[in-house]
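Asks: generate coordinates for the sequence data below:
(chains A and B)
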Amino acid sequence: MKLCKSKKFFFLLDMLILCILIFSICSCYGTIKLDIAKNNDFDRESNLNFYYNRNISDSLIKIWEANLDGGIGFNKIAEYDKYLFYGDLSGKVYLINSENGKIEGKLRNKGEIFSSVVVSYPHIVYLVNSSYEKCEMIYYDFFSSAVFSKKSFRSLIKSESIRHENGIIFALTNGEVYNYDFKGRLLWQTNLNAFIYSYPNFNDKVVVFGDEKGKVYAINLKDGKIEGTFSAGKGIFSGFSIRGDTVYFIADDGFLYAVDLNSISLLWKIDLNIRVRNYLVIAKEKYLIASSLSGDLLKIDLDRQSIEWKLQTAGLFKFTPIVFNNRIMQADLNKKIYIINFDTGEKVQEINLDERVKNINYIENKNLIIIGYDDGKLVCYKAFN
Amino acid sequence: MFFIIRYRAFFLFIYFFILQSASYSQFYFFGRNKVRYEEFKWKVFETENFEIYYDQNFEEIARIGSAYAEDAYKDLSEKFENIIITKIPLIFYNTPIHFQQTNVYPGLIPDGVGGFYEFLKGRVVIPFNGSISDFMHVIKHELVHVFTLNKIYRVFKDRRIYFNRYPPLWFIEGLAEYWSTEWDWKGEMILRDAVEKGYFVDLKNFWKISGSFLMYKMGQKFLEFVSINYGEDKILRLFDNFWLFEDFNDNLAYTLNENFEDLNLKWIDYLKKSVYKNYSQTLSSESHSIKITRDGFNFSPSLIKNGDNFDVVFLANRDGYSSIYSQSISPKTLRPEKDIELLIRGEKNEQFESFYFLQNIIRTNQNGDVIFVSRSGSADVIYLYSLREKEIKKKIKFENLIAIDCPNFVDDSERIVFSAMDRRGFKDIYIYDINKDELISITQDYFCDEYPVYSKEYNAIFFVTDRSASNFNKSKSIYAYNFQKNIAFIVYKSDGEISNLVFNDQRKSLFFLADYEGVKNVYELKLNSEKDIVKSATLTRVTNFFSGISSFDLEDNILIYSTYVEGSFQLYALKLDDHEKIRQTNVITNQMTDNEIDSLSLSLYVPKKLDLKGYSKDYSVKKKYSVDFAQSQVSIDPVFGTQSGAAVFLSDMLGDDQYYILVYNTAEVQSEFLKSLNIAIARFNYENRVNYSYGIFHFSGRRYDIRDKDEYYYERSFGASASFLYPLSRFRRIEFNFVIANSDKQIISQILERKALIISAAVSFVSDNSIWAFTGPIDGHRFRVLLGYTRDIRYDNVNYLTGIFDYRYYARISFKSLLAIRNSIYYNQGKETRRYIAGGSWDLRGWQRWSLRGEKLWVTSFELRFPLIDLAYFKFPWLDVGLPNIRGAAFFDVGSVWDKKYEETLGSIGYGFRFNLFNAVVLRYDIGKKIINNFTKLQNGTFYQFFFGWDF
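Replies: Okay, the predicted model is just below:
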């Protein structure tokens, strides 16, 4: 069949459009491809670490900027080797080169990603809220660029998922708690029959959740059995922090509670009169750093049960501060970043920005600070010691 | 066809916004005027989160307001867990009267609007009504709207979902109330009535009360129900889950983890329990009082002895206009003796522009005099009216007092006492000596002092104030001003909101309304016998009505009051002696020592104020313009090819100065691009009482004008236009319009051309006091007369006079029916005059739409408008549909159009149906017969005509 010149042109044009169409359909889900060796250092790391046993300098040098498609949430960035993984609110998971900020891969999902992505070689594990009655847990094999396993649940996740030695624990808003291993096998599940919006934590024996009525649940890490419960004065929406056998949290009545995890009983409580929506950070083994919705930052001596210092700002703190031996860095939704002297609570720097600051991450092995802004912007700074 | 439609829309734009030339314009309008009486001197300063705009007189309260706005911002940012990135423009107006002069919102703002949030530029506009607690409430209410909108926008944008839906209005307004104020007596009053009388709505039927005050308060109550039963954090969850649901009710059910039907039942149960908890301890107005009025909304009663009877003088809206009425009642039976008499017709002329509901604006004395307050032009005035002579005896206006309420006689003499707001927004107590024309103020500060009443017994003026209320909560105190000692001291410190003081000489007691038990009821404060100072007082509850009382008066033994019944306010009367039997015996004693009196009298709550430290700047220096609206359009037409255009509207932050830019191209080939460029730039200024506009234009292209020769022609015109509009009052205005234009017309290309340099001038007078119902005006009149002259000063190709007379009168027959009459004459005489069009549903019905054309036109119409079906309700298995307010009309039209010689008279007669669809468009269906053959014969058959548009 011979085609005249103009017909040939249109034929080629049609083919081009068809190719673009096929390519678009194929790339709907997106891919992440990584060809790297396993690194045990990263495979062991908990995703709930906010304290870094080192000093940090006050001067930050911007090294790159990455623009994501969706909005940044209050979840953390995960790291593996030189790569960063982040799930945004538009349901996309990104593979970002930490050296230059280049987005090297992207997975598209329908819905929002609320909790942090967990990386366990060669899998990326993340949870997507697809609809009001469906949350999906996806195991993606970045070595072979394929979904390895997919689980569906009939509720949403609106808290953080925990990476522990053997797998991932998370609670759905309807109170169902699941523990899966990194291969996608269910280790145990339990039902708290409560609404969970708080951020859980764990030690070597139990994992701790709190519900919106103020009830604390200690669940055996091995079998998922509820070891005991404790009732605080009001709903719990903060994160839990654990030191030894004591769990600390701030309920919406404004009290800081210290609860013994063996007897599941109250050790002490102090009235801080703050509302907290993030993790409390334990630093230098005896201090607890808490930041509140009303822009207060507190350092509490856990042994003496007293407030060491309190910094009041006009900010709104929704993301957990990152704590170093000499400094605390706090992201303020109200377009600021505070760098605070750990010992005195004095503001060392108040960095004014044009956008809401959603989260702040420290990439320890590269000594990078990554700030997540509204509208999907990640900016990376090099911190000098 | 496509081109014609588009072109007509485009041309309408030019007529309305650019030329405004009377001689070219048939698309004129009536309408009331927004009169800019005040010469504002705007200042602006920035706080951390706001840009504050205020008049220079208002600085002190602007500082209080902006400090509070920052506190409210902080609180709301925590509640919403969100912040607003840009500074929020917050525009304060000194008084509600000044607020009604704003140009941020282009339409007329009715009385009672507390403020608004305009989301094109994110402006929050708030008037000060004299009360700092109300001011704070409105500031926070509007800020909740700002945060709500931003939160929803963020939820969608973060997830990259198209932002296409809002929560229902009841939720938006209910939340704004819930997070900005406490539950108060007004909400309790209407909710008790709604639940008792059974017209409250469940969650599925909130739409039925959309936009009403009941909707605000039921929304607020629902969120209280959510917070108590499910936790306040659930409100934020509703926002977080908003993207997951198309239907808000599904979101409610999911977030609250309830089956929707169960949730609905629980809500109704909560509502009833909350309302009925005190039911057994209260009385019903219907069974313990005599009903005086049955229709409309009736407020502010005042009793006066008239021979053997008592007259009740009161404010009411019984027919759409607020007016002052009188009703005679028998002192024995308390029953109405005669028909209600209209004393003062309000809202139809400049003299009585507006009366205020829910305020005490009327008081009488035993000489038969009535004093009342009305808006008249730039400010409120006090009128002294003789009930016997039925005439206004005196009009009292004060240069520096803007808003006035609570007038009262002092000792029945020639002095009156009242509360008033000045340009600073201070609401203080004033005494005016009518004979000496002397005004003195008792207080002079930003505290809200109101409801003054004179006591001969104590030679003192008692008044209500918020000066001892901490943090400007709504609690009020009663103070007394002693004439002899010229001091004011506290008499009674209250924990509630009190109002409507009445001093009863026989009982030597102060009576007032207080909301101690949810709704307002009458209390009696028995003062001690010492004349010079009040050390102790005994408080007794006098009435205990379930729905409470909104205003009252007391004379001798008769108490007359206004209360909320079945969605309206009605007057009731009772005898105090009879009521004593059911009067509550629990007595609250208010005792104060001298020291307490001294300390409370001096202790003034000092609000937080923002220190401007010289940051405030003149607005004229900082004036900035931004785009209100911008739109571009590209169209492809099979005949005319690709055409494109764009319109941009710019205005300053206060909306006083506006620019309209229009660019459009009608080129059919590339080489005509420049030649066919249409551009119009106009500036409109509303900063002063005289509104003016001027602009330049260049229009070029092929035209099809239905009004002219019904054919295409090419025209190029360029020139300038200017217009001035002077509002004489809210109802009347004068307009001047000028246009100079060079016009080149090619009627037949290269063969028949017409060149002209046209100057056109016109002057118009417009009067409009009509009020509207669902399908059009129902009362009042609309009138316009115009004289114009258009001339080609260069070639004399165009030269004609224009005269327009259009008078429409709406004669009320009953509350819902009327006879509408229109008399219109449009007259163009001269060379190359423009033609008018007629025919169709808007004028000569039965004749084909716009089929009648002529240089002269007259139309007279009579139309009987009446209610047909108040609510047609269709219940399908899958859907319930309600069609409210279907109206009927019987009409008779007569008129004619002609050019040089009058040809024939046309007419039509018939009936029709009208239906207002979504309050946006009125659908009209007419059936009738044309009157043909020079008005001598009815057509054979019947015409059926369907169109849309408001009644004339």
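Asks: my read: residue B:58 touches residue B:135, true?
Replies: No: judged on Cβ atoms under 8 Å, residue B:58 makes no contact with residue B:135 at a distance of 11.0 Å. C-beta coordinates here come from the backbone N, C-alpha and C atoms, glycine included.
Asks: overlap in contacts of those two?
Replies: Counting by Cβ atoms under 8 Å, 6 or more residues apart in numbering or on different chains, the shared contacts of residue B:58 and residue B:135 are residue B:128.
Asks: longest helix anywhere in chain B?
Replies: If you go by DSSP state H, chain B has its longest helix at helix B:132-158.
Asks: how distant is that one from the center of its chain?
Replies: Centroid separation between helix B:132-158 and its chain, computed with Cα atoms, centre = their mean, to the nearest Å, is 22 Å.
Asks: which residue packs closest to the residue in the stretch 101-250 of chain A that chain B sits nearest to, ignoring adjacent ones?
Replies: Closest to chain B within the stretch 101-250 of chain A is residue A:132: 4.2 Å, counting by Cβ to the nearest Cβ. Using Cβ to Cβ, 6 or more residues apart in numbering or on different chains and skipping the chain neighbours, the partner closest in space to residue A:132 is residue B:244 (4.2 Å).
Asks: let me see the contact set for that neighbour.
Replies: Contacts of residue B:244 by Cβ under 8 Å, 6+ apart are A:129, A:131-132, B:251, B:254.
Asks: again, 10 Å this time
Replies: Residue B:244 makes contacts with A:111-112, A:129-134, A:156, B:155, B:159, B:161, B:250-251, B:254-255, as judged by Cβ atoms under 10 Å, 6 or more residues apart in numbering or on different chains.
Asks: who wins for neighbours among those residues?
Replies: Within those, most neighbours by other Cβ atoms under 10 Å in any protein chain shown means residue A:112, with 30 neighbours.
Asks: distance of it from residue B:178?
Replies: 27 Å (Cβ to Cβ, to the nearest Å).
Asks: sorry, back to before: quick check: buried residues in the first helix or strand past the longest helix of chain B going along the chain?
Replies: As assigned by DSSP states H and E, the chain's next helix or strand after helix B:132-158 is helix B:169-178. Neighbour-count burial for helix B:169-178 flags B:169-178 (criterion: 16 or more other Cβ atoms under 10 Å in any protein chain shown).
Asks: next, count neighbours for the residue of chain A found nearest chain B.
Replies: Relative to chain B, the nearest point of chain A is residue A:71 (2.7 Å; Cβ to the nearest Cβ). Using other Cβ under 10 Å, residue A:71 is surrounded by 24 other residues.
Asks: is it true that it touches residue A:358?
Replies: Yes: if you go by Cβ atoms under 10 Å, residue A:71 and residue A:358 touch, sitting 7.8 Å apart.
Asks: any common contacting residues for the two?
Replies: With Cβ under 10 Å, 6+ apart as the test, residue A:71 and residue A:358 both reach A:89, A:372-377, B:158.
Asks: show me which of those residues are buried.
Replies: The buried subset of these - by 16+ other Cβ under 10 Å - is A:89, A:372-374, A:376-377, B:158.
Asks: can you tell me which one of those sits lowest on pLDDT?
Replies: Within these, pLDDT reaches its minimum at residue A:374, with 86.
Asks: just give the closest residue to that one, not the sequence neighbours.
Replies: Spatial nearest neighbour of residue A:374, excluding adjacent residues (Cβ to Cβ, 6+ apart): residue A:356 at 4.1 Å.
Asks: and that neighbour, backbone torsions?
Replies: Phi and psi for residue A:356, reported as degrees, to the nearest 10, are phi -70, psi 140.
Asks: just the pLDDT for it.
Replies: We have a pLDDT of 92 for residue A:356.
Asks: wait, the residue of the stretch 101-250 of chain A closest to chain B sits on residue B:250?
Replies: Yes: between residue A:132 and residue B:250 there is a contact at 7.8 Å, judged by Cβ under 10 Å.
Asks: the bottom helix or strand of chain B by mean pLDDT?
Replies: The weakest-scoring helix or strand in chain B, judged by mean pLDDT, DSSP states H and E, is helix B:2-13 (a mean of 32).
Asks: tell me the contacts of residue 182?
Replies: Defaulting to chain A. Contacts of residue A:182 (Cβ under 10 Å, 6+ apart): A:43, A:118-123, A:125, A:139, A:148, A:163, A:166-168.
Asks: look at chain B instead
Replies: B:137, B:220, B:473-474.
Asks: and residue B:356, by the same measure?
Replies: B:96, B:111-112, B:299-300, B:315, B:322, B:373-375, B:380, B:403-405.
Asks: turn the buried residues of helix B:169-178 into JSON lines, columns for pLDDT and distance to residue B:896.
Replies: Shown next, in JSON lines, are these (pLDDT from 0 to 100; distance: Cβ to Cβ, whole Å):
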{"residue": "B:169", "pLDDT": "95", "distance to residue B:896": "48"}
{"residue": "B:170", "pLDDT": "96", "distance to residue B:896": "52"}
{"residue": "B:171", "pLDDT": "97", "distance to residue B:896": "55"}
{"residue": "B:172", "pLDDT": "96", "distance to residue B:896": "52"}
{"residue": "B:173", "pLDDT": "96", "distance to residue B:896": "52"}
{"residue": "B:174", "pLDDT": "97", "distance to residue B:896": "56"}
{"residue": "B:175", "pLDDT": "97", "distance to residue B:896": "58"}
{"residue": "B:176", "pLDDT": "97", "distance to residue B:896": "55"}
{"residue": "B:177", "pLDDT": "97", "distance to residue B:896": "57"}
{"residue": "B:178", "pLDDT": "97", "distance to residue B:896": "61"}
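Asks: dump the residues you listed to JSON lines, plus distance to chain A.
Replies: Formatted as JSON lines, those follow (distance: Cβ to the nearest Cβ, whole Å):
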{"residue": "B:169", "distance to chain A": "23"}
{"residue": "B:170", "distance to chain A": "22"}
{"residue": "B:171", "distance to chain A": "18"}
{"residue": "B:172", "distance to chain A": "21"}
{"residue": "B:173", "distance to chain A": "25"}
{"residue": "B:174", "distance to chain A": "22"}
{"residue": "B:175", "distance to chain A": "18"}
{"residue": "B:176", "distance to chain A": "20"}
{"residue": "B:177", "distance to chain A": "23"}
{"residue": "B:178", "distance to chain A": "18"}
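Asks: run through the residues that contact residue B:928.
Replies: Contacts for residue B:928 (Cβ under 10 Å, 6+ apart) come out as B:845-846, B:890-893, B:908-912, B:938-939, B:942-945.
Asks: of these, select the buried ones using a ChimeraX command.
Replies: Filtering the contacts of residue B:928 down to the buried ones (16+ other Cβ under 10 Å) takes a single ChimeraX command:
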select /B:845,846,891,892,893,908,909,910,912,943,945
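Asks: quick one, what contacts the closest residue to residue B:276 other than its chain neighbours?
Replies: Closest residue to residue B:276 in three dimensions, ignoring its sequence neighbours and counting by Cβ to Cβ, 6+ apart: residue B:195, at 7.3 Å. Residues near residue B:195 by Cβ under 10 Å, 6+ apart: B:218, B:268, B:271-276, B:279.
Asks: what's the farthest-apart pair in these?
Replies: By the measure Cβ to Cβ, B:218 and B:279 form the most distant pair in the contacts of residue B:195, at 18.5 Å.
Asks: okay, these two: which has more neighbours?
Replies: Each of residue B:218 and residue B:279 has its neighbours counted (other Cβ under 10 Å); residue B:218 has more, 28 against 13.
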